[in-house]
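Undergrad: Sequence plus the predicted model coming up.
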Amino acid sequence: MGFDWRDIFTVSMVLFAVIDIVGSVPIIVDLRNKLGHIQSEKASLVAMLIMIVFLFVGEEILKLIGIDASSFAVAGSFVLFFLALEMILGIRLYKEDNPSTASIVPIAFPLIAGAGTMTTLLSLRAEYEKINIIIAIVINVIVVYAVLKSSAKIEKILGNNGLGVIRKVFGVILLAIAVKLFASNVKQLFA
């Protein structure tokens, strides 16, 4: 099938919702205030590298342990479902330790390329071509870089209420995507 703008847009929106970089602005600002300068370029490039490598290696890992892409996509739909609930309801189901440095580790991984992003990438492999996913990753990394560079300005412009509204809107979109991903892959588990 190959290159498809519509698929690129869809995958970009899914990744944007999962990465939730705009919703992470308060965390980024807090890290910057506590720990000093954040290396936006380095964090963005490392996150992109992690995502692209995992896109290719992740499927091989699945084959190695005997799990098919449809099973992983269904499992991924559950992860997306719970991420969406977190975004919509403003609750935290998954808690992480507080990072001690503002380096690649807290920003690139797990904030940008975390468990939800990895699960999503492998789940998307079940429905979309690699080239479209890679382009969507690059688009998202550009957005992530822009947000990291201007996080303080974004926080001032949107305020806490604006960030909350954006988070909830993308939560609903992510919830719909999780339902679609589940519905389109669950049939293949019983075939």
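TA: Done, it's in.

Undergrad: Longest helix of the protein, counting residues only.
TA: helix 151-189 (DSSP state H).

Undergrad: Who are the packing partners of that helix?
TA: With contacts defined as 3 or more C-beta pairs under 8 Å, 6 or more residues apart in numbering; DSSP states H and E, helix 151-189 has these neighbours: helix 5-19, helix 25-35, helix 69-89. Glycine gets a C-beta too; all of them are placed from N, C-alpha and C.

Undergrad: Could you point out the helix or strand that follows the second one?
TA: Where DSSP states H and E defines the elements, the next helix or strand beyond helix 25-35 is helix 40-65.

Undergrad: chain center to that next one: distance?
TA: 12 Å (C-alpha atoms, centre = their mean, to the nearest Å).

Undergrad: buried stuff in it?
TA: 40, 43-44, 46-48, 50-52, 54-55, 58-59, 62 (16 or more other C-beta atoms under 10 Å).

Undergrad: Please apply the same query to stretch 182-191.
TA: 182, 185.

Undergrad: now swap in stretch 78-86 and tell me
TA: Per 16+ other C-beta under 10 Å, stretch 78-86 contains these buried residues: 79-81, 83-86.

Undergrad: Next, the residues that contact that stretch from outside, please.
TA: 17-18, 91-94, 115-116, 119-120, 123, 171-172, 174-175, 177-179, 181-182 (C-beta atoms under 8 Å, 6 or more residues apart in numbering).

Undergrad: Please, a PyMOL command that selects the buried ones among those residues?
TA: Buried members of the contacts of stretch 78-86, defined by 16+ other C-beta under 10 Å, are picked up in PyMOL with:
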select buried, resi 17+18+116+119+120+123+171+174+175+177+178+181+182
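
Undergrad: just to revisit the earlier point, hey, least reliable of the helices and strands packed on helix 151-189 by pLDDT?
TA: Note on those: helix 25-35 shows the lowest mean pLDDT, a mean of 75.

Undergrad: So which residues make contact with the worst-scoring helix or strand of the chain on mean pLDDT?
TA: Scoring the helices and strands of the chain by mean pLDDT, DSSP states H and E places helix 104-106 at the bottom, with a mean of 73. Here helix 104-106 makes contact (C-beta under 8 Å, 6+ apart) with 31, 39, 42-43, 46, 99.
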